[in-house]
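Asks: A structural model of the following input is requested.
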Amino acid sequence: MDLFIDPTQPRAITRSLYDQIRAAIASGRISAGEQMPPSRQLAQELGVARQTIATVYGRLTAEGHVIGRGAAGTFVAPTADAHRPARADRTRSSALAPRPGLPETADPEFQPTGLDLRSGTPDLALFPHVAWRRAVLAAAHQPPSGYGAYAGLPELRRTLARLASRTRGVVADPDQIVVTAGAQSAIDLTIRLLTVPGDTVAVEEPGYLPVRRLIESLDRRVALVPVDADGMQPEHVPARARLIYTTPSHQSPTGATLTIARRRALLSYADRHHQAIIEDDYDSEYRHTDRPLEPLHLLDTTGRAVYVATFSKTLAPSLRLGYAVFPVELARHAAALRAASDVQPPELLQRAIHHLITTGDLDRHLRRSRKIYAKRHELVADWVARMSTAGHLTPCATDHAGLHLTVRLHNITEEELAARLEPHGIRLGSYRDTWAKTPDHDGAVIGFGNADSSDLEAALSRVEHALASPPPRPRVRP
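Replies: Below is the predicted model:
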């Protein structure tokens, strides 16, 4: 408990201390039953006479806010909690307000009573707990360093450069890598590095909602580029755009893979119009039925592509660790900009990830999780094929990767389907939310990352029943 004294008003000290302690009890900052500091100790800390504290405690005792227990000391009365006003009544209103255009709240967390079939969440039951514990303990053996590793620890950047080259064909020098708090942080850093307020950033439509919100929150303009079964359509990128954001390996949300012809066309277009590209490679570790295409970063010959990767899908979203590979001329500017915001990434986490990669534990985890996710992908893909034959839906694209599949609904709206599944505690990913404009068809995003095969089969059976059920009959007035 912090108490404050105004030295300019020495005669008001007793009243001020009484008011502060009484307010702390009323607000809940001091809990019922909590022991108050001894009067001698508090007097010494505040530099006042002990009699002053005794007078304050005496008044609080007389009014029932605290009780004395002899040599044991003074305690907040047990009834203090019962007399507190509701929290809403105790909050202080503010004259401050956020600037216009910002979202009011983040998306609420959903805790389904049945199964969560939204996209983007890996199965945390597959997390390599034993290997992670070893990695954290190994990282903790080394004392933390001071400021300076603004782009990330040098040893981790060397390891990430080798990892990106080995698994994705991204050829990069460690000095090109900046470690970030997940992919979203890398995208934010790139937008702020390469654009100014008022600039236009081209994004996919439909596309990844958090990035669109990020662009708008930074006072950049959003240009929507249509997506079809072959991914983003480069010919619709406006020439005025300074930056293009795309998910070419597994388009979010449709699952389309940007064809090699379109990849080259997009790079050529960006070069002609002096544009930069963010390549968000958020889940290409999970390719289930075909080989991945060359990343834009590998095809890029003029240094326009910034490659972004994350450990959110391979390990856990809450670890908040990702990285960006910048053109060599931009990397030091990106590190300086990073230093101006949150200085540098947490060192213990970086060392743990470095240990996980260099010991081979990450590779072993990926081999195991790929097999499991591949079976789930096959299960959902077979179900989608059956439902497509029955005329209930159509896949948005041929989807070979990731932790979700997206479909177009035929005879039911997204809202109707959600309402039918809600009593069973099942929630699909929102297709509508991935559109900036009103979509020209209804759809659903079926995530399978956070569900084992048996639960997934049961949930898909419920979805199938909801799709096949006839619509409710309209009421007829007598």
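Asks: do you know how far residue 19 is from residue 4?
Replies: 11 Å (CB to CB, to the nearest Å). Glycine gets a C-beta too; all of them are placed from N, C-alpha and C.
Asks: more crowded one of these two?
Replies: residue 19 (12 against 8; other CB atoms under 10 Å).
Asks: In the longest strand anywhere in the chain, which residues are buried?
Replies: If you go by DSSP state E, the chain has its longest strand at strand 221-228. Neighbour counts over strand 221-228 (16 or more other CB atoms under 10 Å) mark 221, 222, 223, 224, 225, 227 as buried.
Asks: Could you spell out the sheet neighbours of that strand, each with its direction?
Replies: strand 200-205 (parallel), strand 231-232 (antiparallel) (DSSP bridges).
Asks: So which of those is the most surrounded?
Replies: Each of those was assessed for mean neighbour count using mean count of other CB atoms under 10 Å. The highest is strand 231-232, with a mean of 26.
Asks: Quick one: residues in contact with that one.
Replies: Outside of strand 231-232, the residues within contact range by CB atoms under 8 Å, 6 or more residues apart in numbering are 204, 225, 226, 246, 248, 251, 256, 257, 258, 259, 262, 266.
Asks: Was I right to think the second one contacts residue 205?
Replies: What that stands for is residue 225. Yes - using CB atoms under 8 Å, residue 225 is in contact with residue 205, at 6.2 Å.
Asks: out of the contacts of strand 231-232, which are buried?
Replies: Using 16+ other CB under 10 Å, the buried ones in the contacts of strand 231-232 are 204, 225, 246, 248, 251, 256, 257, 258, 262, 266.
Asks: number of nearby residues for residue 299?
Replies: Count around residue 299 with other CB under 10 Å applied: 16.
Asks: ditto for the one 3 residues further on
Replies: Neighbourhood size, residue 302 [other CB under 10 Å]: 11.
Asks: what's the closest non-adjacent residue to it?
Replies: residue 271 (5.2 Å; CB to CB, 6 or more residues apart in numbering).
Asks: just checking, the one you found touches residue 304?
Replies: Yes - assessed by CB under 8 Å, residue 271 is found in contact with residue 304 at 6.3 Å.
Asks: Let me see the contact set for the residue lying farthest from the centre of the chain.
Replies: Going by CA atoms, centre = their mean, the residue of the chain most distant from its centre is residue 51, 54.1 Å out. Residues counted as contacts of residue 51 (CB under 8 Å, 6+ apart): none.
Asks: after the helix or strand that contains it, next one along is what?
Replies: Remark: residue 51 resides in helix 50-62, with elements defined by DSSP states H and E. Sequence order places strand 66-68 as the next helix or strand after helix 50-62, per DSSP H and E.
Asks: Quick check: can you name the pairing partners of that following strand and their directions?
Replies: Sheet pairing here is set by DSSP bridges, and for strand 66-68 it gives strand 74-76 (antiparallel).
Asks: Need the contact partners of the strand it pairs with.
Replies: By CB under 8 Å, 6+ apart, strand 74-76 touches 25, 30-36, 38-39, 57, 61, 65-69.
Asks: Stretch 162-180 too?
Replies: Identification of contacts with stretch 162-180 by CB under 8 Å, 6+ apart yields 151-154, 156-158, 160-161, 186, 189, 281, 284-285, 292, 294-295, 297-298, 307, 309, 321-328, 331-332, 334-335, 338, 345, 350, 357.
Asks: which of those residues are buried?
Replies: The buried subset of the contacts of stretch 162-180 - by 16+ other CB under 10 Å - is 151-153, 156-158, 160-161, 186, 189, 281, 284-285, 292, 295, 297-298, 307, 309, 321-327, 331, 334-335, 338, 345, 350, 357.
Asks: Let's see which of those residues end up in helices.
Replies: 156-158, 160-161, 186, 189, 297-298, 331, 334-335, 338, 350, 357 (DSSP state H).
Asks: And the lowest mean pLDDT element among the helices and strands of this structure?
Replies: Sorting the helices and strands of the chain by mean pLDDT, DSSP states H and E puts helix 87-90 at the bottom, at a mean of 50.
Asks: who's in contact with the closest residue in space to residue 413 that isn't next to it in sequence?
Replies: Spatial nearest neighbour of residue 413, excluding adjacent residues (CB to CB, 6+ apart): residue 442 at 4.9 Å. Residue 442 makes contacts with 408, 409, 412, 413, 414, 431, 432, as judged by CB under 8 Å, 6+ apart.
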